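[1] This is a predicted model, with the sequence first.
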Amino acid sequence: MLSKNTSQPSVERGSRWLQASAIAVLLFLHIPMWLIFLYSFTTDTAAYTFPPPGLTLKWIPQALSNPEMQAALSLSIRVASLATVAALILGTLAAAAVYRSDFFGKEAISFMLLLPLALPGIVTGIAMRSAMSLISIPFSYWTIVIGHATFCVVVVYNNVLARFRRSGGSMIEASMDLGANSFQTFWHIVLPNIGTALLAGAILAFSLSFDEVIVTTFTAGQQETLPIWILGQMFKPRSRPITNVTAMLVVIITALPILLAQRITAGSSDTEGSNK
Amino acid sequence: MGESAILFKNVSRHFGEVKAVDDVTLEIHDGEFFSMLGPSGSGKTTCLRMIAGFDRPTLGQIFLYGQDVSNLPPYDRSVNTVFQDYALFPHMTVGENIAYGLMIKGLAKDQRKKQVDEMLDLVRLTGFADRKPSQLSGGQRQRVALARALVNHPKVLLLDEPLGALDLKLRQQMQVELKAIQQRVGITFIFVTHDQEEALTMSDRIAVFNLGKIEQVGSPADIYEHPQTSFVAGFVGVSNLIGGEVAKRITGAEDKFSIRPEKIHLSSMDAKADADMYSATGKVRDVVYLGLYTRYLVELDGGGDLVVVEQNLKSTSMDVMKSKGQQTRLMWKKEHISKLGG
């Protein structure tokens, strides 16, 4: 009792320090983003003056009607969608293989699947680009999708594997025992049980693909995805507010699904690998 | 009876270097409650999984009512399993769980419902159809798993240590209930357990497994009264194992034999043994009073220890304690010993 009383003030001071520094770090991370939001509405055309001389909504329709921006947005959505679909199929199959059967090199394959997430994007990018030119695949929409799929697969794989491990193996055996073949078992038993894991994995994969820059610069041809288009716009000071509006759009498109994914898998540790 | 439900012909299952099941030949009769008893790693579960089709024999054949099923997938055999962890489908209700096999078979919904309700009555869970497995207790899940398997009217029902997760009281209650259900439906039950008491309580016959081989097959009384190997004598109940010089002094032969503690009688040194009895002398080294009975540890004069159990029919704890340190004569009927092979 006595020792608890004497140590109390220092603990409280410590936790107050901890709180303050946590808040400071969060502010440091988030203020720049809020500034972009703010400057989406400034009346300034080129410079960042603070505080903004006035507020306006006129950049939003301008940005949205910009044909280059529209093309980039459409490409990004198409790439992210296809990469996600590929990741769902490949990631689920890989997770099922690693979970259900023991085979030579299982650990190695598991490691190799995870590697693209850990590798710097620039390494993946260079590797992809040399591989693609080596077997002379022309750079196109498809090469971007392939590049993105490499790290999207990991996210789905991780989510689904974690779900498999939690749900226990004898369920599948029970289904087969009751007369269901592999397809019936997958449809009636496996899919309903990994459904939320798939959804969460898909949303994360989509977000990862949607704001990818580095791998994309190496695997894209003439086309520009939205993040790359924004990067290009940075060097044109006259259209800065339009870029800001677009950036805001990207934040919203990527943040909403992640929030959704967190809600779906709330209370579980399913979302490993979401921090690329 | 008579017709063979399951026939193992020289079945082996190897996992790499490990022979989990090693050349097992076994016949299980139609309508029998058959237990596979053994410690973990003895091969009993692997045998069960090979009957279910989750594992294939490395060598040998398995017949189900005369049909060679060694290489058939689980969904093409008329056997169903009650799993150790029940393996209920968490996203389905109790009713949907039980109806699963019927749904896969393509049975109409109203017929499914009728059969599910019958099954729920059988396992005394009437009215539970709309609950989720997560809302049930362990004992109730156990019953759902049983109903889910039985509703398909399998030729053979496999039970993989299904009572392991239940507490003692519930387990004893379920033992009685399982036996009653088996007699009602008349299906061959194959029950895997490591609990000898469970096997003795419920089974028509028991196979005792050790190190991938069957040590002995027989009725519970047979297994208990006449164990054929040291392993069976030691694994099922408590036995005194005697061999070598000590055995020679008692029976006149060096052959190893076993004698159950409750078959031995303590008498005074001057008591005379009948012609149909063996006798030995020793000193009571330890006495443990256990209420219903008393356990004595007797050090034989020629070496070796014997455990003796006597019911406290007339004696009190005061009486039995007095015998500690006394010389005593032990006697038991010749027919009660079992000569051991292995």
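    Thanks, I have the structure now.

[2] What's the local residue count around A:Pro53?
    For A:Pro53, the count of nearby residues is 10 (other Cβ atoms under 10 Å in any protein chain shown). (Each C-beta comes from the backbone N, C-alpha and C, glycine too.)

[3] check contacts around the residue nearest to it when sequence neighbours are not counted.
    The shortest distance from A:Pro53 to any non-neighbouring residue, by Cβ to Cβ, 6 or more residues apart in numbering or on different chains, is to A:Thr43 (5.5 Å). A:Thr43 makes contact with A:Pro52, A:Pro53, A:Gly54, A:Leu55, A:Thr56, according to Cβ atoms under 8 Å, 6 or more residues apart in numbering or on different chains.

[4] One more pass at 6 Å, please.
    Residues near A:Thr43 by Cβ atoms under 6 Å, 6 or more residues apart in numbering or on different chains: A:Pro53, A:Gly54, A:Thr56.

[5] And these, which is closest to B:Gly106?
    Nearest to B:Gly106, judged by Cβ to Cβ, of those is A:Thr56 at 65.7 Å.

[6] roughly how far apart are that closest one and A:Leu134?
    51 Å (Cβ to Cβ, to the nearest Å).

[7] ok, the two, which is more surrounded?
    A:Thr56 (13 against 8).

[8] Which pLDDT value does the model give the closest residue to the more buried one other than its chain neighbours?
    Once flanking residues are discounted, A:Thr56 sits nearest to A:Thr43: 5.0 Å by Cβ to Cβ, 6+ apart. What the model reports as pLDDT for A:Thr43 is 79.

[9] quick one: A:Thr43 and chain B, what's the gap?
    Distance from A:Thr43 to chain B, counting by Cβ to the nearest Cβ, to the nearest Å: 55 Å.

[10] helices or strands up against the one helix or strand in chain B whose mean pLDDT sits lowest?
    In chain B, no helix or strand scores lower on mean pLDDT, DSSP states H and E than helix B:317-322, which sits at a mean of 81. Under the contact definition 3 or more Cβ pairs under 6 Å, 6 or more residues apart in numbering or on different chains; DSSP states H and E, helix B:317-322 sits against strand B:277-289.

[11] what packs against the strand it packs on?
    Counting contacts by 3+ Cβ pairs under 6 Å, 6+ apart, strand B:277-289 packs against strand B:293-300, helix B:317-322, strand B:327-333.

[12] what kind of secondary structure is B:Val11 in?
    Classification of B:Val11 by DSSP: H, G, I helix; E, B strand; the rest coil places it in strand.

[13] so what's it bridging to?
    B:Val24 (DSSP bridges).

[14] Just give the number of residues close to it.
    B:Val11: 24 neighbours (other Cβ under 10 Å).

[15] Quick check: residues of the stretch 151-276 of chain A near chain B?
    For the stretch 151-276 of chain A, the residues in contact with chain B (Cβ under 6 Å from any Cβ of the partner chain) are A:Ser170, A:Met171, A:Glu173, A:Ala174, A:Met176, A:Asp177, A:Leu178, A:Gly179, A:Ala180, A:Asn181, A:Gln184, A:Pro192.

[16] And the next helix or strand past the helix or strand hosting A:His148?
    Using DSSP states H and E, A:His148 sits in helix A:141-167. Once the chain leaves helix A:141-167, the next helix or strand it forms, by DSSP H and E, is helix A:170-177.

[17] Now residue 214. Nearest residue, chain neighbours left out?
    By default, I'm working from chain A. Residue nearest to A:Ile214 in three dimensions, not counting chain neighbours: A:Gly121, with 3.4 Å by Cβ to Cβ, 6+ apart.

[18] My question was about chain B, not that one.
    Closest residue to B:Ile214 apart from its sequence neighbours, by Cβ to Cβ, 6+ apart: B:Ala207 at 5.1 Å.

[19] The one you found falls within a strand, correct?
    Yes: looking at B:Ala207 with three-state DSSP, it is inside a strand.

[20] Tell me how far it lies from A:Asp102.
    29 Å.

[21] where's the residue nearest the centre of chain A, which helix or strand?
    Nearest residue to the geometric centre of chain A (Cα atoms, centre = their mean): A:Leu208, 2.5 Å. In this assignment (DSSP H and E), A:Leu208 forms part of helix A:191-210.
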